[in-house]
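In: Would you be able to build a 3D model of this:
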Amino acid sequence: MDLVKILVDAGRAAVGLPAAVYALSAIGLNLQFGYTGLLNFGHVASMLVGAYGLAITVDVTRDSVTGDPMAGAMWLGILVGLLLAVLLGLLMGAPTLRLRADYLAIVTIAVGEILRLVVRSRWAAPVTNGLSGLQGFADRFYELNPIPIGQYGIGTFRFDERLLWVLIVGWGLVALATLFIRRLTTSPWGRVIRAIREDEDAARSLGKNVFAYKMQSLMVGSAIGGLAGIVLAIGQQNVGPDNYLPLLTFYAFTIVILGGPGSLRGPIIGSVIFWFVFSFFDGVMTGAVTAGWFGDLVQATDIGPIRFALFGVGLIWLMTSRPQGIFGKREELYFDGR
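Out: Presented below is the predicted three-dimensional model:
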């Protein structure tokens, strides 16, 4: 087992595309859950509509002869994706935010799965290309890459120019989103959503429109989630329905809880730690199985289920021993629950 290679691969994963995407997604979810107390179990839906909004917009504007999209199609697609994510937040919140928190959780997880099944369906295939998904919609993004062709990094810790360009943009958006959330949550608006999280009735008795504030938080968080989906789609140059499973939402929740709900730095540090541990465990388990350390007890196909089981145990331990996460505050964990 090459422990150095495993550590290098884990380090690459900790700053790689998934880490940037999930940090961005967790920032949006943290606004909804950590700051406002909204249980959005379908956050992946905002990532899906953001990604498909971009891909479909570029695809439908392609010239029928040359196959090239119209000028500015990618930027229009990004705008469409963000608007769809905001609209999704509005549609999910309108019938549920006046009710108890668990109704929002039920609706959002259902919406996420319904949308995934819709885009993979046969009748939607002329637009979404069904199970095969859509590809080649971010060529313009890579044409803007100012980095010369080559490998960049130290030793085996390297990225090619395309991935490095995506990472610079992705982590740059994470930084901008963090600054935006800081500005929001330190404003009077941010103080109101914190008050709603802690005691909704008290906020209402002070004349605050609780429904409107919840809706705004849900829509802004969905927009940031949509942006995360767009970054993932551009980085992979592919969108497919099975890229947006409900599991992605629970990865994002794990990251938020690990970093600390209601913490500004939590989603970023949580994502880095999550993907480092994720990659490190995969590397160690793969090396151990290959070396025959477990004999016939554990096979290569068992690594995935074991990983998820251990992550579940780790999350349970974290919730019982340090529910506020790394940077969260214990006193900010008690939600009104309605």
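In: contacts and neighbour counts: CA atoms only from here.
Out: Fine.
In: Could you check stretch 87-102 and say which residues are buried?
Out: Neighbour-count burial for stretch 87-102 flags 87, 88, 89, 90, 92, 93, 96, 97, 98, 101, 102 (criterion: 16 or more other Cα atoms under 10 Å).
In: ugh, wrong one, I meant stretch 231-238
Out: Buried residues in stretch 231-238, defined by neighbour count with 16+ other Cα under 10 Å: 231, 232, 233, 234, 235, 238.
In: Tell me the one of those nearest residue 150?
Out: Taking Cα to Cα as the measure, residue 150 lies nearest residue 235 of the buried residues of stretch 231-238, at 17.5 Å.
In: which other helices and strands contact the helix or strand that closest one falls within?
Out: Residue 235 is located in helix 210-236, with elements delineated by DSSP states H and E. If you count contacts as 3 or more Cα pairs under 8 Å, 6 or more residues apart in numbering; DSSP states H and E, helix 210-236 packs onto helix 17-29, helix 44-60, helix 73-93, helix 161-185, helix 188-198, helix 200-205.
In: can you confirm residue 153 is in a strand?
Out: Yes: looking at residue 153 with DSSP: H, G, I helix; E, B strand; the rest coil, it is inside a strand.
In: Sketch out the helices for the stretch 201-338 of the chain, chain order is fine.
Out: 210-236, 247-259, 266-290, 303-321 (DSSP state H, counting those that start in this stretch).
In: what does the average pLDDT come to for the longest one?
Out: If you average the pLDDT over helix 210-236, you get 95.
In: That helix versus helix 161-185: what angle between them?
Out: In terms of direction (axes from the mean of the first three to the mean of the last three Cα atoms, to 10 degrees), helix 210-236 departs from helix 161-185 by 170 degrees.
In: Now do helix 210-236 and helix 44-60, the angle between them.
Out: Going by the same axes, to 10 degrees, helix 210-236 makes 50 degrees with helix 44-60.
In: Also the third one?
Out: In terms of direction (the same axes, to 10 degrees), helix 266-290 departs from helix 44-60 by 90 degrees.
In: Check the offset of helix 266-290 from the chain's centre.
Out: A distance of 17 Å separates the centroid of the chain from that of helix 266-290, by Cα atoms, centre = their mean, to the nearest Å.
In: Mind listing residues that contact that helix?
Out: With contacts defined as Cα atoms under 8 Å, 6 or more residues apart in numbering, helix 266-290 is touched by 1-3, 6-7, 9-11, 13-15, 18-20, 22-24, 26-27, 30, 174, 255-260, 294-295, 298-300, 303, 307, 325-328.
In: Okay, buried residues for that helix please.
Out: Result for helix 266-290 [16+ other Cα under 10 Å]: buried residues 266-289.
In: Now residue 158: which helix or strand?
Out: Counting by DSSP H and E, residue 158 is part of strand 157-160.
In: what is the rounded mean pLDDT of that strand?
Out: For strand 157-160, the mean confidence score works out to 86.
In: Just name whatever secondary elements it is in contact with.
Out: helix 3-15, strand 151-154.
In: Out of the ones you listed, the one nearest residue 188 is which?
Out: helix 3-15 (33.7 Å).
In: C-alpha coordinates for that closest one, PDB please?
Out: Output of helix 3-15 as PDB, limited to C-alpha atoms (Å, rounded to 0.1, in the frame of the first residue of the first chain):
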ATOM      1  CA  LEU A   3       0.400   5.700   1.800                       C
ATOM      2  CA  VAL A   4       2.100   8.700   0.200                       C
ATOM      3  CA  LYS A   5       0.100   8.300  -3.000                       C
ATOM      4  CA  ILE A   6      -3.100   7.900  -0.900                       C
ATOM      5  CA  LEU A   7      -2.400  11.100   1.000                       C
ATOM      6  CA  VAL A   8      -1.600  13.000  -2.200                       C
ATOM      7  CA  ASP A   9      -4.900  11.700  -3.900                       C
ATOM      8  CA  ALA A  10      -6.800  12.700  -0.700                       C
ATOM      9  CA  GLY A  11      -5.200  16.200  -0.800                       C
ATOM     10  CA  ARG A  12      -6.200  16.600  -4.500                       C
ATOM     11  CA  ALA A  13      -9.800  15.500  -3.600                       C
ATOM     12  CA  ALA A  14      -9.900  18.000  -0.700                       C
ATOM     13  CA  VAL A  15      -9.300  20.900  -3.100                       C
END
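In: show me what contacts residue 196?
Out: Contacts of residue 196 (Cα under 8 Å, 6+ apart): 36, 37, 202, 203, 210, 336.
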